[in-house]
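Student: next comes the sequence, and after it the predicted model I'd like to discuss.
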2 protein chains.
Amino acid sequence: MKLLEERIKRDGIVLDHDVLKVNSFLNHQIDPQLMLQIGDEFAAAFEEDQVTKIVTVESSGIAPALMAGLALNVPVVFARKHKSLTLVDHLYTADVYSYTKKVTNTISVDQKFLTASDRILIIDDFLANGQAVTGLLDIAKQVGCEVAGVGIVIEKTYQQGAQLIKDAGIKLVSLARIDSLADHQVHFAPED
Amino acid sequence: MKLLEERIKRDGIVLDHDVLKVNSFLNHQIDPQLMLQIGDEFAAAFEEDQVTKIVTVESSGIAPALMAGLALNVPVVFARKHKSLTLVDHLYTADVYSYTKKVTNTISVDQKFLTASDRILIIDDFLANGQAVTGLLDIAKQVGCEVAGVGIVIEKTYQQGAQLIKDAGIKLVSLARIDSLADHQVHFAPED
């Protein structure tokens, strides 16, 4: 997605330790118009896949997931990272380790929002080691539903997440694919 | 907002201890079309108020805030509840106590996303005791920016949050106003 790559080049900041900061438009401050276009892009990529529901993890996945849900006209469910008092029982849960934050969170989805007849599209902002997606795939397995695909805003091609998803035979669409952050520069993967 | 009230009546669940659960369309599973209409409603209410930025708190505020940002064509900033490794310094912070979850979170906003020349619109999903809004008002004070108003999806009129905002002389628009959850029923406030 050209517009997204240009935005990453213009506003993304490469920090040490392989961190790309895109918090000026994606995961702290959000550009709603860009998100709308991201949602349309996901919808175009998955329009033939009979998606019944979009699933993401709070918080950074919510904006792109919501716009994809708007374009595909399906509900969006975001897994919670912390159990709240109003969400105590009847949960599907999975453990997710965050390499960035160096903590393990238990993510959870209320059982009433996913059924075995669903075909879910998993959306997330970043794909690196694939921990969040793996947690959601684990939940999908518990539900017994089908996974129509995984849609990612920014993929780091050199980490294991993408391979994990492909090895599972699941359709993966990433709107921007980064091959390297060497020399504090963003190097995008060549077009397929 | 008639459509929202009807949805609350149809899908909202009143639990004990004064809890209204609307997680089937607002804060766990999200209805994107309803959010779009909520965003349009906020935009209509604040279109004359020279809003430059929308501010909310993760995670439940993100969906309505994003759609309000889309309709008003301004960026959306969501305050984080947990500091991440990529967001360590130059933060505005405030403490927010959650009566529902019985924990105090430090919310934070990167200083580069709010300036003294901003006129912010604060959006949140619920207004009860007003803790989250008070935290964001505290941050606005630190920034030195103006607060154009507060937009709330569901207000509980009988708790202190609304009065706190009005006492501060700040414009408050709530799309649904609940007077009571007595007898496990949702009783809406009469129209003004």
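Tutor: Arrived safely. Residues are numbered from 1 along each chain as shown, chains lettered A, B, ... in the order given.
Student: does the strand ranked longest in chain A reach chain B?
Tutor: For chain A, the longest strand by residue count, based on DSSP state E, is strand A:146-156. No. Strand A:146-156 does not reach chain B (Cβ under 8 Å from any Cβ of the partner chain); its nearest approach is 13.4 Å. In this view, the C-beta of every residue, glycine as well, is placed from N, C-alpha and C.
Student: list the buried ones in the next helix or strand after that strand?
Tutor: Using DSSP states H and E, the helix or strand that directly follows strand A:146-156 along the chain is helix A:161-167. Residues of helix A:161-167 classed as buried by neighbour count (16 or more other Cβ atoms under 10 Å in any protein chain shown): A:161, A:162, A:164, A:165.
Student: quick one: residue A:61 and chain B, what's the gap?
Tutor: For residue A:61, the distance to chain B (Cβ to the nearest Cβ, to the nearest Å) stands at 10 Å.
Student: residues contacting that residue?
Tutor: Applying Cβ atoms under 8 Å, 6 or more residues apart in numbering or on different chains to residue A:61 gives the contacts A:78, A:123, A:124, A:125, A:132.
Student: secondary structure class for the residue nearest to the fourth one when sequence neighbours are not counted?
Tutor: Setting aside the residues directly before and after it, residue A:125 is nearest to residue A:60 in space (Cβ to Cβ, 6 or more residues apart in numbering or on different chains), at 4.3 Å. On the three-state scheme (DSSP: H, G, I helix; E, B strand; the rest coil), residue A:60 is labelled coil.
Student: pretty sure residue A:60 sits against residue A:127.
Tutor: No. Using Cβ atoms under 8 Å, residue A:60 is not in contact with residue A:127, being 12.0 Å away.
Student: can you give me the neighbour number for the nearest residue to residue A:114 once chain neighbours are set aside?
Tutor: Closest residue in space to residue A:114, ignoring its immediate chain neighbours: residue A:143 at 4.5 Å, by Cβ to Cβ, 6+ apart. When neighbours are defined as other Cβ atoms under 10 Å in any protein chain shown, residue A:143 has 20 of them.
Student: contacts only, for the residue positioned nearest the centre of chain A.
Tutor: Nearest to the mean C-alpha position of chain A, by Cα atoms, centre = their mean, lies residue A:124 at 1.1 Å. By Cβ under 8 Å, 6+ apart, the contact set of residue A:124 is A:56, A:57, A:60, A:61, A:64, A:65, A:132, A:133, A:150, A:151, A:152, A:153.
Student: pretty sure it sits in a strand.
Tutor: Yes. Under three-state DSSP, residue A:124 sits within a strand.
Student: which residues of chain A fall in helices?
Tutor: A:2-11, A:32-46, A:62-72, A:131-143, A:161-167 (DSSP state H).
Student: picking up where we left off before, partners of the longest strand of chain A, with directions?
Tutor: The sheet places strand A:146-156 alongside strand A:119-127 (parallel), strand A:172-180 (parallel), with pairing taken from DSSP bridges.
Student: excluding sequence neighbours, find me the nearest residue to residue A:13.
Tutor: Nearest residue to residue A:13, sequence neighbours excluded (Cβ to Cβ, 6+ apart): residue A:21, at 4.3 Å.
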